[in-house]
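**Student:** Give me the fold of what follows.
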Amino acid sequence: MVSDTLRYHAAGPAVARFVAQMMLMKPYIWSAVHVHVHGRRHLDGLKTPFIVIGNHSSHLDACLAFGSLPRRLSRNLAAGAAADYFFNNWYKALSTALFFNSFPVVRRGHESSSSGRHGMAGDLITDGVPLLIFPEGTRSRTGAMSPFTPGAAALSISQNVPVLPMALVGAFAAMPYGANMPVTGRPNVHVVFGRPLRAAPGELAKQFSDRLYRYVLELHDTTARAYGMPTQADFARAVALREAAAKVARQDDADADVATDS
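**Tutor:** Here you go, the predicted model:
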């Protein structure tokens, strides 16, 4: 276990991450988007290790999490990253390790081709390393949240560590899926920290995960409504309208094909 996890909390790599994050990553992101951080009071009594979770709709998300947490909490924070994508060649693995202290997560369906291993998240928690996990499993293509997978909740229960819920509001509009850079105009992005939570006695991982989902959604929508930004219901409505329009277009094409054949 030591050989696998030492770099995640050793002093040398921590210094390199500090330089990369505070002198390169954060100045760039904070100059590209206008970041507002809410709920700092919920961080006052939080101690490592813990698990940060949040909605995931943009490549900005991890940057915003690391840059918004105080250094005492982010110093050794390790972000889960897809082993089959971020660890399939040396330069992506090196950059994600440098900026995000990343550890490989084996995604369902990629077990045979990934470079990660099961159980590493638990080993990191045991070594006192806090984790950043996006329970949706992948970035949203539309801004709408998907149900959380129960892995983070199960890890919290098994390791007896709190979960810090975080909502990211405006990140999708600032850098949507497929974009390589934030949009121009320095859009507003809100990072909202909620109360650290633990599973209730007898609460199963799936139940705890669903409760975390509802809390993150509440944090997101409360902030979105306060600042006139799209809520999760707005994102879902936009998805439904696009799907309906696509269905009508497909039907029109089919009707045209029938008319041509006849």
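**Student:** how about the strands in the stretch 51-200 of the chain?
**Tutor:** Assigned by DSSP state E, counting those that start in this stretch, the stretch 51-200 of the chain shows strands spanning 51-54, 78-82, 103-105, 131-133, 163-169, 188-193.
**Student:** quick one: which of the ones you listed is nearest residue 21?
**Tutor:** strand 78-82 (11.4 Å; CB to CB). Where you see a C-beta, it was placed from the backbone N, CA and C, and this is true even at glycine.
**Student:** Next, count neighbours for residue 47.
**Tutor:** 12 (other CB atoms under 10 Å).
**Student:** which SS class is it?
**Tutor:** Taking DSSP: H, G, I helix; E, B strand; the rest coil as the rule, one finds residue 47 in the coil state.
**Student:** Flag the shaky bits of the stretch 51-200 of the chain, pLDDT-wise.
**Tutor:** Low-confidence segments of the stretch 51-200 of the chain (pLDDT under 70): 107-118.
**Student:** Which parts of the stretch 151-262 of the chain are helices?
**Tutor:** With DSSP state H, counting those that start in this stretch as the criterion, the stretch 151-262 of the chain has helices at 151-159, 171-174, 205-226, 232-261.
**Student:** Now for the residue nearest to the spatial centre of the chain: which residues touch it?
**Tutor:** Geometric centre of the chain, nearest residue: residue 134, 3.7 Å, by CA atoms, centre = their mean. Applying CB atoms under 8 Å, 6 or more residues apart in numbering, we find residue 134 in contact with 53-56, 61, 80.
**Student:** how about 7 Å then?
**Tutor:** 53-54, 56, 61 (CB atoms under 7 Å, 6 or more residues apart in numbering).
**Student:** same thing with residue 43?
**Tutor:** 70, 73, 193.
**Student:** change it to 10 Å
**Tutor:** 37, 50, 68-70, 72-73, 164, 193, 196 (CB atoms under 10 Å, 6 or more residues apart in numbering).
**Student:** returning to that earlier point: now the residue nearest to the centre of the chain: phi and psi?
**Tutor:** phi -100, psi 100 (degrees, to the nearest 10).
**Student:** gap between it and residue 52?
**Tutor:** 9 Å (CB to CB, to the nearest Å).
**Student:** Quickly list what's touching both of those two.
**Tutor:** With CB under 10 Å, 6+ apart as the test, residue 134 and residue 52 both reach 62, 65, 79, 152, 166.
**Student:** What separation is there between the residue nearest to residue 66 when sequence neighbours are not counted and residue 50?
**Tutor:** Nearest non-adjacent residue to residue 66, counting by CB to CB, 6 or more residues apart in numbering: residue 74, 5.3 Å away. Plainly put, residue 74 is 11 Å away from residue 50 if you go by CB to CB.
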